[in-house]
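**Q** sequence and predicted structure are below.
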Amino acid sequence: MSEFTPREIVSELDKHIVAQSDAKRAVAIALRGRWRRQRVGADLRDEITPKNILMIGPTGVGKTEISRRLAKLAGAPFLKVEATKFTEVGYVGRDVEQIIRDLVEISIGLTRESRRKDVEAAAEAAAIDRILDAFVGETSGETTREKFRQKLIAGDLDDKEVGLDLADHSSPFQGMEIPGQPGAGIGMIELGSLFGKGAARTKKRKMKIKDAYAPLLAEEADKMLDEETLIKTAIKAVEEDGIVFLDEIDKITARSDTRGGGQVSREGVQRDLLPLIEGTTVSTKHGQVKTDHILFIASGAFHVAKPSDMLPELQGRLPIRVELRALTREDFERILTEPQASLIKQYKALLATEDVTLEFTKNGIAEIAKIAADVNASVENIGARRLHTVMERLLDDISFTATDRGGESVMIDKAYVQKHVGELAADTDLSKFIL
């Protein structure tokens with residue numbers, strides 16, 4: 001669990017996301033609230049429920065990114081789902097309890113990764129032994145093994161090929177669909193968990209030593225882990241620290257003046273979500289999971305429906321309301337340059353791999369931001385995502401010819417931007433299709 005203070009959490013989010021200070025404050029307080037709860041006496045701890053959040057704002061303003069960065073910061077199991085993917089119980093489709101099952105699988109992966117680090121040294125030695133067994137034979141003398149061990153560690157054998165027996169995790173039923181469950185395959189069911197584990201299947205694979213190292217290390221580490229303890233730890237992490245981001249919640253909200261028909265099913269999904277957010281126990285193949293203290297962050301644009309059109313009970317379970325504002329031209333300028341992995345840094349790094357140097361002038365950046373803002377205003381406002389389409393169009397020619405331009409330096413100034421995307425942005429009809 002993260003021990004960052006609310007101020008530190010906001011500061012970390014500022015490194016990746018521009019503006020939206022109210023939303024950052026809200027999630028920072030919610031995350032710190034969980035840390036506080038775990039330090040409260042046991043008699044009161046279970047009574048303190050998470051302060052779930054409803055983010056309201058247009059697309060592309062940072063709703064998903066704030067939640068994703070928050071989960072990364074907390075080191076918590078995180079799942080983003082679209083509310084529209086679920087259907088009411090009794091209808092064909094995914095039921096909402098699948099959210100918790102998926103979250104458990106993510107948590108097991110995170111916990112396994114963390115525990116592997118604890119046994120890394122021992123697993124490394126075991127992986128090297130298996131490579132040596134395959135390369136020089138199990139019966140080879142200690143002197144020979146030691147000689148090749150040193151070569152292996154030095155990387156001298158990286159390009160040599162070995163035949164290894166690696167665990168085969170593929171399912172013979174992969175790709176077969178379960179009737180009435182779109183997107184769910186029989187391969188997703190672990191038959192081992194139904195009929196007992198049995199002997200683990202292996203598959204003979206021939207590969208270079210440098211490629212064999214990672215899967216062998218993972219296999220050997222997993223042998224040293226206690227699976228039962230790992231799963232219990234993962235489930236506890238879900239129950240205490242899990243974060244679920246429910247996107248497009250407005251799409252399952254019917255306007256109060258248009259109820260009836262297809263709107264009934266939307267309301268049904270809300271009713272199914274209620275117990276999950278209020279706190280219930282979900283059965284998974286790994287055991288029971290309580291959802292009482294999972295943090296739910298819902299978001300929606302609410303262009304048609306309003307938050308007040310949601311079921312009153314659901315509104316009550318999302319007590320913190322945060323409105324995210326539409327991004328301005330000034331915000332776009334900051335997005336292009338300020339974040340740790342800003343768009344300009346990304347494009348510079350990508351083209352540097354071809355030995356092409358990109359230079360952006362201040363007026364060039366300002367022009368890119370202006371075009372993105374103008375197209376958003378005249379066509380449809382898709383927020384910061386518009387910058388991606390403008391940048392791709394702007395650098396289309398350079399990206400295509402970069403292989404032949406090694407050693408060149410390209411200056412992206414106002415004139416260059418206007419020449420390559422200015423006319424296109426000015427033509428509203430073309431912008432609809434290209435930008």
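**A** Perfect, I can see it now. Numbers count the residues shown, from 1 in each chain.
**Q** tell me the domain ranges of the protein?
**A** With domains defined by automatic domain parsing, the chain comprises 6-109+235-323, 120-224, 329-426.
**Q** now do the last one, average pLDDT.
**A** Confidence over domain 329-426, taken as the mean pLDDT, stands at 93.
**Q** that one: end-to-end distance?
**A** Across domain 329-426, the terminal residues are separated by 16 Å (Cα to Cα, to the nearest Å).
**Q** could you do the first one as well?
**A** From its first residue to its last, domain 6-109+235-323 covers 19 Å (Cα to Cα).
**Q** kindly report the same for the second one.
**A** Using Cα to Cα, the end-to-end distance of domain 120-224 comes to 10 Å.
**Q** in the stretch 1-150 of the chain, which spans are helices?
**A** 6-14, 21-37, 42-45, 63-74, 98-118, 120-136, 142-154 (DSSP state H, counting those that start in this stretch).
**Q** so for residue 314, which of those sits nearest?
**A** Residue 314 lies closest to helix 98-118 among the helices of the stretch 1-150 of the chain, at 14.9 Å (Cβ to Cβ). Every C-beta, even on glycine, is put in place using the N, C-alpha and C of the backbone.
**Q** coming back round to it: I'd like the domains of the chain laid out as a markdown table, including mean neighbour count and distance to residue 434.
**A** Formatted as a markdown table, these follow (neighbours: other Cβ atoms under 10 Å; distance: least, Cβ to Cβ, whole Å):
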| stretch | mean neighbour count | distance to residue 434 |
| --- | --- | --- |
| domain 6-109+235-323 | 18 | 18 |
| domain 120-224 | 14 | 32 |
| domain 329-426 | 17 | 6 |
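**Q** need those domains in CSV with distance to residue 432, can you?
**A** Shown next, in CSV, are the domains of the chain (distance: least, Cβ to Cβ, whole Å):
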stretch, distance to residue 432
domain 6-109+235-323, 16
domain 120-224, 32
domain 329-426, 5
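**Q** looks to me like residue 382 is in a strand.
**A** No: with DSSP: H, G, I helix; E, B strand; the rest coil as the criterion, residue 382 is assigned coil and is not in a strand.
**Q** now do the contacts for it.
**A** Applying Cβ atoms under 8 Å, 6 or more residues apart in numbering to residue 382 gives the contacts 59, 60, 376.
**Q** okay, these in TSV with distance to residue 332 next?
**A** Shown next, in TSV, are the contacts of residue 382 (distance: Cβ to Cβ, whole Å):
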residue	distance to residue 332
59	15
60	11
376	9
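**Q** mind checking how far the spatially most central residue of the chain is from residue 74?
**A** Centroid-nearest residue in the chain, with Cα atoms, centre = their mean: residue 68, separated by 6.2 Å. Distance, residue 68 to residue 74, by Cβ to Cβ, to the nearest Å: 11 Å.
**Q** can you give me the pLDDT of the closest residue to residue 238 other than its chain neighbours?
**A** Spatial nearest neighbour of residue 238, excluding adjacent residues (Cβ to Cβ, 6 or more residues apart in numbering): residue 107 at 4.7 Å. For residue 107, the model assigns a pLDDT of 95.
**Q** now for residue 5, how many residues are close by?
**A** Counted with other Cβ atoms under 10 Å, the neighbours of residue 5 add up to 12.
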